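A.B. asks: Sharing a sequence plus its predicted fold:
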Amino acid sequence: MGVLTARTPDRGPDPQGTALKVHAEALFASNLQASDRPSAEQIGEAVETTLQRLGTAGCAARLAGEFGDHPELAATRMTWALATVRGNHLTADPTFTPARRRLVLAG
């Protein structure tokens, strides 16, 4: 399963939309819980380590598996992950390299 890509009208892929989806999938696949009330730093670390451990395909696969096994719980968790990533303005570092994913908080 590939990563879905948001598109802008006549401009091709939307890097911010893609980063949002990838980061939300990674947060979903992480061990971090909403009940932990994580800080922005904890969220960034969880996303980064989960992407390093599973990769984007692994995060997407875990997401798909949970929606297949527990759709009602997965929907709630994904809603939390998306809101959390958006609320903390998590974005990809412009100096991204596949060997090292570095996440930063947008100002």
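C.D. replies: That came through, no problem.
A.B. asks: quick one: the strands in the protein?
C.D. replies: For the chain, the strands defined by DSSP state E occupy 7-8, 12-13, 90-92, 103-105.
A.B. asks: Run through the neighbouring helices and strands of the longest helix along the chain.
C.D. replies: In terms of residue count, the longest helix belonging to the chain (DSSP state H) is helix 40-69. Helices and strands touching helix 40-69, by 3 or more Cβ pairs under 8 Å, 6 or more residues apart in numbering; DSSP states H and E, are helix 15-29, helix 71-87, strand 90-92, strand 103-105. No exception for glycine: its C-beta is placed from N, CA and C like everyone else's.
A.B. asks: Okay, buried residues for it please.
C.D. replies: Counting neighbours by 16 or more other Cβ atoms under 10 Å, one finds that the buried residues in helix 40-69 are 43-44, 46-48, 50-51, 54, 56, 59-60, 62-63, 66-67.
A.B. asks: try stretch 68-84
C.D. replies: Residues of stretch 68-84 classed as buried: Ala74, Arg77, Met78, Trp80, Ala81, Leu82, Thr84 (neighbour count, 16+ other Cβ under 10 Å).
A.B. asks: Go through the residues you listed and name the one nearest Pro38.
C.D. replies: Of all these, Pro38 sits closest to Thr84, with 7.7 Å by Cβ to Cβ.
A.B. asks: Identify the residues contacting that closest one.
C.D. replies: By Cβ atoms under 8 Å, 6 or more residues apart in numbering, Thr84 lies in contact with Ala24, Leu27, Ala34, Pro38, Ile43.
A.B. asks: gap between the third one and Thr56?
C.D. replies: From Ala34 over to Thr56 the distance is 22 Å, taken as Cβ to Cβ, to the nearest Å.
A.B. asks: Next: the second one.
C.D. replies: If you measure Leu27 against Thr56 using Cβ to Cβ, the figure is 13 Å.
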